[in-house]
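**Student:** Predicted model and sequence follow; I will ask about them next.
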Protein chains: 2
Amino acid sequence: MHRVKVPALARVMPLDPQESQHLRVLRLRVGAQVQVFDGEGGEARATVIRLDEGGAMLELGERVENDRETPQPVTLAVALLKGDKLSDVVRAATELGVARVQLLQTRYADVPEIGDAKLVRLRRVAAEASKQSRRAVTPDVLAPIPVSKLVLDGQGFLAHPGSAARVTDSLDWSAPVTFVSGPEGGFSDAEVAALTASGFVSVTLGPRILRAETAPLALLGAVAATGV
Amino acid sequence: MHRVKVPALARVMPLDPQESQHLRVLRLRVGAQVQVFDGEGGEARATVIRLDEGGAMLELGERVENDRETPQPVTLAVALLKGDKLSDVVRAATELGVARVQLLQTRYADVPEIGDAKLVRLRRVAAEASKQSRRAVTPDVLAPIPVSKLVLDGQGFLAHPGSAARVTDSLDWSAPVTFVSGPEGGFSDAEVAALTASGFVSVTLGPRILRAETAPLALLGAVAATGV
């Protein structure tokens, strides 16, 4: 069944021109059933009650339980990366269940800043990936902050070469979870010290050197492979 | 220290023109130390004993223990995927420690076949990723076979939506390990039945829908996150 993102679940939901056009391309007709979701966990059936050149309108049906979310929200805090790498990370992290991506400015960053246009693009990538992986939540992508400003709420884990601790040994779902992943050049000693002082625990991803775009997916994959 | 791939460890090792040129670009000089590896687990120090327009030559030094390999060889058996997705999978799988990538022809494949040139390109990707992740083993990339021809040697796991079993609960390192990952359209029922009959165990990657290129990395990430 086709999934449509709507600003909010409401008795009658007019669609924006792009989504309306999409329904027409799919050759849906008045009376067709679709699934709607609001990106914040709300999901329901809906019926197409209007579909013509003027646009599309849906009528709300039954609420649907969506059990694709982790028991507690997962945040991925990830260093700014070059080129399309951040898009790749945001896309896969969304599939793997993150609720939020917090971009980080780091000392040895590949790039020091990110433009507004790129941030908008990353949010669009998250929205598309959310839809494709049939989630009811669209992860937020938050503008970069320095590592020192990252506040730990719940449990925090840091992918750090040389650590022996395993993420799956320490992870419980009593509180929100944050994973931190560095730039290609790694975190500076001061950044690691700051994160550790804030309560982040260093965990292993094996004895090999992972690229900055592979490490966060390995961490999130380890969590997904526990079945949550 | 710069790492150089050589055909075999030998007392004196002439380098091919490309590697020779690379050493010159790095401005190394006669007497410089490098690390050599043969792609089959052999790794050693070496000294540059010649470096000029005629080429480069290395003299073997001490053998080096490389502990970046998994306790038993890991094979990733992965369906043919469209575009550059296979390259991305081979690159990340190499970082995550696989010893071999076995390409699979599947019923609902995105692409039915792969050309020789592409196979050569995938092997080059594996060689480069092996070097970058400082492994002493270069994973082999094997030409596609049908799923029904995949023989299980040791333990086998199949990423399959709807399964509740966790890979890390069943995995031990008493025997080689094979992970199987399907195409975008999933395995057919007959393929899943054949794999199950061969002894492959279905495991979960969480309740969300993963793209075909994300699933193998989540599986391998789960293994890397155990520290091996």
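**Tutor:** Sure thing, it's come through. Residues are numbered from 1 along each chain as shown, chains lettered A, B, ... in the order given.
**Student:** Buried residues, the lowest-mean-pLDDT helix or strand in chain A. List them.
**Tutor:** For chain A, counting by mean pLDDT, DSSP states H and E, strand A:3-5 ranks last in confidence among helices and strands (a mean of 87). The neighbour-count check on strand A:3-5 (16 or more other Cβ atoms under 10 Å in any protein chain shown) flags A:Val4, A:Lys5 as buried. Any C-beta I mention is one placed from the backbone N, CA and C, and that applies to glycine too.
**Student:** Can you show me the helices along chain A?
**Tutor:** Along chain A, counting by DSSP state H, helices occupy A:17-25, A:85-95, A:116-132, A:167-170, A:189-197, A:215-224.
**Student:** A:Pro207 and B:Arg68 touch, don't they?
**Tutor:** Yes: contact status for A:Pro207 versus B:Arg68: in contact at 4.8 Å, counting by Cβ atoms under 8 Å.
**Student:** Deepest in the core, which of the helices of chain A is it.
**Tutor:** The highest average neighbour count among the helices of chain A, using mean count of other Cβ atoms under 10 Å in any protein chain shown, belongs to helix A:215-224 at a mean of 28.
**Student:** Could you tell me how many residues sit around the closest residue in space to A:Phe200 that isn't next to it in sequence?
**Tutor:** Leaving out its chain neighbours, the residue that sits closest to A:Phe200 by Cβ to Cβ, 6 or more residues apart in numbering or on different chains is A:Gly156, at 3.9 Å. Neighbourhood size, A:Gly156 [other Cβ atoms under 10 Å in any protein chain shown]: 22.
**Student:** Return the residues in contact with A:Gly156.
**Tutor:** Applying Cβ atoms under 8 Å, 6 or more residues apart in numbering or on different chains, we find A:Gly156 in contact with A:Val177, A:Thr178, A:Phe179, A:Val180, A:Leu195, A:Ser198, A:Gly199, A:Phe200, A:Val201.
**Student:** Quick one: closest of the helices of chain A to chain B.
**Tutor:** Counting by Cβ to the nearest Cβ, chain B lies closest to helix A:215-224 out of the helices of chain A; the figure is 3.1 Å.
**Student:** who in chain A is up against chain B?
**Tutor:** A:67-68, A:92, A:95-97, A:132-135, A:164, A:166-168, A:203-211, A:214, A:217-228 (Cβ under 8 Å from any Cβ of the partner chain).
**Student:** which stretches of chain A form strands?
**Tutor:** With DSSP state E as the criterion, chain A has strands at A:3-5, A:12-14, A:33-37, A:43-52, A:55-63, A:74-79, A:100-105, A:140-146, A:155-159, A:177-181, A:201-203.
**Student:** Of those strands, which is nearest B:Leu28?
**Tutor:** Ranking the strands of chain A by proximity to B:Leu28 (Cβ to Cβ) places strand A:74-79 first, at 30.8 Å.
**Student:** quick one on the thing from earlier: quick one: the strands of chain A as CSV, columns for distance to B:Val74 too.
**Tutor:** As requested, the strands of chain A are exported to CSV (distance: least, Cβ to Cβ, whole Å):
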stretch, distance to B:Val74
strand A:3-5, 36
strand A:12-14, 48
strand A:33-37, 37
strand A:43-52, 38
strand A:55-63, 43
strand A:74-79, 25
strand A:100-105, 29
strand A:140-146, 33
strand A:155-159, 20
strand A:177-181, 23
strand A:201-203, 20
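**Student:** what's the least confident stretch among those?
**Tutor:** Among the strands of chain A, strand A:3-5 carries the lowest mean pLDDT, a mean of 87.
**Student:** list the helices and strands that one packs on?
**Tutor:** helix A:17-25, strand A:33-37, helix A:116-132 (3 or more Cβ pairs under 8 Å, 6 or more residues apart in numbering or on different chains; DSSP states H and E).
**Student:** show me what contacts the closest residue in space to A:Gly206 that isn't next to it in sequence?
**Tutor:** Spatial nearest neighbour of A:Gly206, excluding adjacent residues (Cβ to Cβ, 6+ apart): B:Ala224 at 3.7 Å. Contacts here follow Cβ under 8 Å, 6+ apart; on that basis B:Ala224 touches A:Thr204, A:Leu205, A:Gly206, A:Arg208, A:Leu210, A:Ala218, A:Ala222, B:Leu96, B:Gly97.
**Student:** Now do the domain split for chain A, please.
**Tutor:** With automatic domain parsing as the criterion, the domains of chain A are listed as A:3-63, A:74-224.
**Student:** May I see these organised as a markdown table, with distance to B:Gly31 added?
**Tutor:** Shown next, in a markdown table, are the domains of chain A (distance: least, Cβ to Cβ, whole Å):
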| stretch | distance to B:Gly31 |
| --- | --- |
| domain A:3-63 | 61 |
| domain A:74-224 | 27 |
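**Student:** Out of those, which gets nearest to B:Leu26?
**Tutor:** That would be domain A:74-224 among the domains of chain A, by Cβ to Cβ, at 18.6 Å.
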